[in-house]
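J.: heads up, no residue letters with this:
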């Protein structure tokens, strides 16, 4: 395994939350880190590291494929390699299908999904055997929550992206993990955007259900999340989990979804399979 002091972590979206914790934990462990943010200076101030042999902050327009490509070129020019990729950028929106506009969905997918796809498209040529790619998804990328049409669908897409990509690069020795996260203490809630329409009276019960669910969630420390990722990066195992459900809440939601899927399959075999069997 390559020594941590020479390995490079590239993080997309690092000014707060998971991304910032990842930067700090990996720098403490001797990794070199390149991270993006909407504000380079804000990120430098938050990290507190000015030695560019260890850390560089980069501004990036995540809505532009070529801008993402240029950022990756900057990282390669500066550090000469990328060993770990952590796609973290994203935001949430609380709204039902009727409330969320087409533009709401397109704007969210630009950041939550297309920026990830763009990173993978341009970074892969620089990854060698042993590299590890992490895509931050969510428990709602597998098991939906009410009032989350935009966020749920974008995170489902991220999980599909990660699974497809993992199959494509497996032969090259590149590991890929979807991090289906539960609730952590981040700026996610304060960064929630509002949908085009406000039909909260019509969907009062659904909105109330969503607020109650969020209020009951056990919010966890993002530093411990970063330490979990570090342990995966330092693992000597030749393979890595493609889907990792992080936290008791995420695991519980996944088990409930799997149980429902198994029930739907079993209960409907006569309806969906046996009628098509020929004698």
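T.: That came in fine, so what should we check first? Bear in mind that the values here come from a model prediction, so they are computed numbers and not experimental data. Residues are numbered from 1 along each chain as shown.

J.: so which residues make contact with the lowest-mean-pLDDT helix or strand in the chain?
T.: Using mean pLDDT, DSSP states H and E, helix 204-215 stands out as the lowest-scoring helix or strand of the chain, at a mean of 84. Applying Cβ atoms under 8 Å, 6 or more residues apart in numbering, the external contacts of helix 204-215 come out as 94, 96, 145, 146, 147, 148, 183, 189, 200. Just so you know, the C-beta spots here come from the backbone N, C-alpha and C atoms, and that holds for glycine as well.

J.: whichever helix or strand comes after that helix packs against which elements?
T.: Later in the chain than helix 204-215, the nearest helix or strand by DSSP states H and E is helix 222-233. Helices and strands touching helix 222-233, by 3 or more Cβ pairs under 8 Å, 6 or more residues apart in numbering; DSSP states H and E, are helix 17-28, strand 132-136, strand 175-181, strand 243-246.

J.: and of the ones you listed, who's closest to residue 61?
T.: For residue 61, the closest of those is helix 17-28, at 16.7 Å, according to Cβ to Cβ.

J.: residues making contact with that closest one?
T.: Helix 17-28 is contacted from outside by 9, 11-14, 33, 35, 46-47, 49, 54-55, 84, 86, 88-89, 136, 181, 184, 186-188, 222-223, 225-227, 229-230, using Cβ under 8 Å, 6+ apart.

J.: how about 7 Å then?
T.: 9, 11, 13-14, 33, 35, 46-47, 49, 54-55, 86, 88, 136, 184, 186-188, 222-223, 225-227, 229-230 (Cβ atoms under 7 Å, 6 or more residues apart in numbering).

J.: chain center to it, what's the gap?
T.: In this view, helix 17-28 has its centroid 15 Å away from the chain centroid, taken as Cα atoms, centre = their mean, to the nearest Å.

J.: do stretch 116-134 as well
T.: Here stretch 116-134 is found 14 Å from its chain centre; the criterion is Cα atoms, centre = their mean.

J.: returning to what we had before: and of the contacts of helix 204-215, the nearest to residue 168?
T.: residue 148 (28.8 Å).

J.: next, that closest one: phi, psi?
T.: phi -130, psi 30 (degrees, to the nearest 10).

J.: out of the contacts of helix 17-28, which end up buried?
T.: By neighbour count, with 16 or more other Cβ atoms under 10 Å, the contacts of helix 17-28 hold 9, 11, 13-14, 33, 35, 46-47, 55, 86, 88, 136, 184, 186, 188, 222-223, 225-226, 229-230 as buried.

J.: nearest to residue 159 among the helices and strands packed on helix 222-233 would be which one?
T.: When these are compared by Cβ to Cβ, strand 175-181 sits nearest residue 159, at 5.1 Å.

J.: what helices or strands is the closest one leaning on?
T.: Where contact means 3 or more Cβ pairs under 7 Å, 6 or more residues apart in numbering; DSSP states H and E, strand 175-181 is packed against strand 132-136, helix 149-169, strand 243-246.
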